[in-house]
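Undergrad: here's a sequence, model it:
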Amino acid sequence: MRVLLDIDKDIEEDVIIIKARTYNKEIEKYYQLLCHTKNNNNNLVLYQNKKEYLIDYQDIIFFETDEDGIYAHTIKEAYLCKLKLYELEHILPFSFQRISKSAIVNIDHIYSIERNFSSSSLIKFYDSNKEVYVSRKYYKIFKEKMIRQKLALKNDI
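TA: The predicted model follows:
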């Protein structure tokens with residue numbers, strides 16, 4: 001596979017073209033990644049009941065792996081996400097943080113954290129009964145990110 005970049009000052013709009021002999025899993029992966037990382041919006045393409053939805057990043061409270069795949073949770077719904085957690089880490093805004101091998105959380109939606117020193121800590125969210133766990137391995141990084149996020153918000157006011 002080759003990657004080409006052609007700068008043309010005469011075009012009106014930037015275009016990314018994927019040229020392939022066949023449509024396969026590798027091409028689909030790159031296509032999905034490009035679709036999800038468009039800079040012109042803050043939406044993520046998610047799926048539910050064979051339908052495609054554009055969901056704003058800030059409406060997502062957390063991502064979690066399940067036996068069926070990776071799900072993006074909003075306050076009331078859960079949507080299938082075709083990206084892997086490590087791919088999401090690269091495209092999600094600053095307010096998202098990895099909290100375990102199987103979850104990424106949106107810090108802006110956290111209501112409380114029930115700290116447990118012997119096992120995982122429990123995160124609860126505003127206006128939702130959904131919960132997710134922070135593993136001990138990720139807790140220190142998560143806490144530092146929360147503090148930086150809160151300081152950034154305070155300085156913006």
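Undergrad: so which elements touch whichever helix or strand residue 45 is part of?
TA: Taking DSSP states H and E as the criterion, residue 45 maps to strand 43-48. Strand 43-48 is packed against helix 25-36, strand 51-56, strand 78-81, with contacts defined by 3 or more CB pairs under 8 Å, 6 or more residues apart in numbering; DSSP states H and E. Backbone N, C-alpha and C define where each C-beta goes, glycine included.
Undergrad: in the last one, what's buried?
TA: By neighbour count with 16 or more other CB atoms under 10 Å, strand 78-81 contains the buried residues 79, 81.
Undergrad: in the helix or strand that comes right after that strand, what's buried?
TA: Once the chain leaves strand 78-81, the next helix or strand it forms, by DSSP H and E, is helix 85-91. Of all the residues in helix 85-91, those buried under the rule 16+ other CB under 10 Å are 85, 87-88.
Undergrad: separation between the closest residue to residue 64 other than its chain neighbours and residue 95?
TA: Closest residue to residue 64 apart from its sequence neighbours, by CB to CB, 6 or more residues apart in numbering: residue 103 at 4.7 Å. From residue 103 across to residue 95, the span is 15 Å (CB to CB, to the nearest Å).
Undergrad: what's the per-residue pLDDT of the closest residue to residue 115 other than its chain neighbours here?
TA: Nearest residue to residue 115, sequence neighbours excluded (CB to CB, 6+ apart): residue 121, at 4.9 Å. What the model reports for residue 121 is a pLDDT of 91.
Undergrad: ok, residue 81 next?
TA: 95.
Undergrad: quick check: which ranges of the protein have low pLDDT?
TA: Flagging of the chain using pLDDT under 70 yields the residue ranges 35-41, 150-157.
Undergrad: fine by me, we can end here.
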